[in-house]
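1. A structural model of the following input is requested.
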Amino acid sequence: METLRKKSMMAVIKLGIPKSELPETVKKEVKTLEERIKSDWTGVFRSWYLWRNQSNYVKIDWSGGVWWFQFYKDGPTFTIPVAQMPAIKIKAGSSYDLGYQGGIMFLLNGKKIWIDDYRVVEDREVIFYGSYSSKIATRRQFKATMSVGDQNRLRMEVVQAGMGVEDNEV
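-> Here you go, the predicted model:
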């Protein structure tokens with residue numbers, strides 16, 4: 001269970017509140033939390049996304065509450081980004097329109113994706129909250145978890161979509 005203290009520190013990070021306005025002890029705790037998240041989530045991971053049935057990689061950068069995702073199809077050299085997947089940016093506090101690339105990333109192919117918020121959970125897991133395009137309604141809500149497994153392999157799972165539950169685990 002997340003403590004109020006950790007939720008408050010994440011709010012400081014995600015909203016970009018100047019650390020100069022914080023007490024010294026809180027500044028240190030926020031810095032430690034930022035360093036832990038950056039250490040856990042910045043790097044190159046094997047991707048759940050397949051390009052022409054080949055394993056791919058995703059380079060993730062997390063800094064100051066902002067996520068950057070870039071998908072690659074050539075392993076260790078990281079010179080050939082997947083053509084249909086330009087870099088994806090996600091920041092809490094506003095709705096980010098990821099378009100159809102987001103649909104691919106969040107396993108909702110053919111859907112446009114908007115991400116509104118995220119929550120970093122212990123054990124190298126992140127929960128993203130957003131919505132996707134639908135023929136029935138303008139937008140339908142969804143929740144997806146991203147976690148790191150064996151051999152630095154990322155796992156993406158849509159845990160809740162629309163009114164029901166949809167399991168798109170790969």
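2. From now on I want contacts and neighbour counts done on CA atoms only, so please keep to that.
-> Noted.
3. low pLDDT regions in this structure?
-> Across the chain, the ranges flagged by pLDDT under 70 are 1, 48-55, 73-85, 136-137, 161-170.
4. tell me, which helix in it spans the most residues?
-> Counting residues, the longest helix in the chain under DSSP state H turns out to be helix 24-41.
5. Report the secondary structure element holding D97.
-> D97 belongs to strand 96-98 when assigned by DSSP states H and E.
6. helices or strands up against the next helix or strand after that strand?
-> Under the assignment DSSP H and E, the closest C-terminal helix or strand after strand 96-98 is helix 99-105. Contacts defined by 3 or more Cα pairs under 8 Å, 6 or more residues apart in numbering; DSSP states H and E place helix 99-105 against strand 113-121.
7. to the chain's geometric centre, what's the distance from the strand it packs on?
-> Centroid separation between strand 113-121 and its chain, computed with Cα atoms, centre = their mean, to the nearest Å, is 7 Å.
8. I'd like to know which elements it is packed against.
-> The contact analysis (3+ Cα pairs under 8 Å, 6+ apart) places strand 113-121 against strand 88-91, strand 96-98, helix 99-105, strand 125-133.
9. so can I have JSON lines of these showing distance to V26 and mean neighbour count?
-> Formatted as JSON lines, the helices and strands packed on strand 113-121 follow (distance: least, Cα to Cα, whole Å; neighbours: other Cα atoms under 10 Å):
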{"stretch": "strand 88-91", "distance to V26": "22", "mean neighbour count": "19"}
{"stretch": "strand 96-98", "distance to V26": "29", "mean neighbour count": "19"}
{"stretch": "helix 99-105", "distance to V26": "35", "mean neighbour count": "19"}
{"stretch": "strand 125-133", "distance to V26": "23", "mean neighbour count": "20"}
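10. Would you convert these into a markdown table that also reports distance to R155?
-> Output for the helices and strands packed on strand 113-121, formatted as a markdown table (distance: least, Cα to Cα, whole Å):
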| stretch | distance to R155 |
| --- | --- |
| strand 88-91 | 17 |
| strand 96-98 | 19 |
| helix 99-105 | 11 |
| strand 125-133 | 9 |
